[in-house]
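Peer 1: Let's see this in three dimensions:
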Amino acid sequence: MTQGVNNNSGVNTVNSATLGPSGSLQLMFAKLQLELAETSKTQAMDRMDSISKSQDEQKLVSELLNEARQSKADAKAGINSKQSYTYTLTDKNGKEYTKTERSIDNAIPMSQAMVDYMDEHGLAYDKSNGDHLQLEKEWDVAIASLEARLEELGTDTQQQMVYIQDYMGQYNSYLQGANTQISNSNQTLTSLARGQ
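Peer 2: This is a model prediction of the structure:
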């Protein structure tokens with residue numbers, strides 16, 4: 001058996017000794033195709049996990065949006081007017097403290113879950129009074145922010161699904177290529193065994 005020989009161009013020639021135990025280019029190519037198929041599958045699975053998380057967040061945003069719309073309707077109808085509300089707030093140093101406020105002018109408070117979500121994602125809501133009490137018109141800002149976030153999540157989910165389709169197409173293509181190479185290799189071995 002010959003080893004790789006260094007020719008004048010500085011490139012080693014490839015032969016059965018340098019290819020390893022299989023020695024079949026077709027099988028090596030099939031192995032490469034299978035590795036690429038596995039990579040595409042992994043990428044598709046990662047995108048599916050991302051979509052699942054996005055759908056959970058969409059559900060939460062939908063609930064918060066319904067809460068905001070109901071609170072706006074309550075503010076308009078004067079429900080819960082002049083009641084006291086207690087909030088957990090965070091100061092500039094990151095220390096939490098409790099604040100009790102009394103609603104005036106039919107203002108309705110944002111839930112702590114809504115405040116936390118909106119602050120975490122940088123969503124706009126009226127903070128002009130330094131509290132979480134929102135008048136009917138002030139709820140419009142929070143509602144618009146939540147609607148925009150919901151739309152953004154929906155668009156992202158659609159884009160992720162396009163990527164999944166692409167990765168699955170690649171997966172199928174690589175798998176088909178590997179199967180073709182394995183079949184060709186088997187035909188070659190059969191021909192060699194018959195002495196053709």
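Peer 1: For the most centrally placed residue in the chain, which residues are in contact?
Peer 2: With distances taken as Cα atoms, centre = their mean, the chain has Ser50 as the residue nearest its mean C-alpha position (2.9 Å). By Cβ atoms under 8 Å, 6 or more residues apart in numbering, Ser50 lies in contact with Gln160. (C-beta placed from N, C-alpha, C; glycine too.)
Peer 1: For it, pull up the helix or strand it's in.
Peer 2: helix 25-77 (DSSP states H and E).
Peer 1: Off-centre distance for that helix?
Peer 2: Mean-position distance between helix 25-77 and its chain equals 4 Å (Cα atoms, centre = their mean, to the nearest Å).
Peer 1: Surely Ala75 and Asn106 touch.
Peer 2: Yes: using Cβ atoms under 8 Å, Ala75 is in contact with Asn106, at 5.0 Å.
Peer 1: Please say which of these two ends up with more neighbours.
Peer 2: The neighbour comparison of Ala75 against Asn106 (other Cβ atoms under 10 Å) goes to Ala75, with 23 against 18.
Peer 1: before we move on, back to that, what's the average pLDDT for the helix holding Ser50?
Peer 2: Over the span of helix 25-77, the pLDDT mean works out to 93.
Peer 1: Okay, and Ser128 sits in which element?
Peer 2: Remark: Ser128 resides in no helix or strand, with elements defined by DSSP H and E.
Peer 1: shared neighbours of Ala75 and Asn106, anything?
Peer 2: The contact sets of Ala75 and Asn106 overlap at 135-136 (Cβ under 8 Å, 6+ apart).
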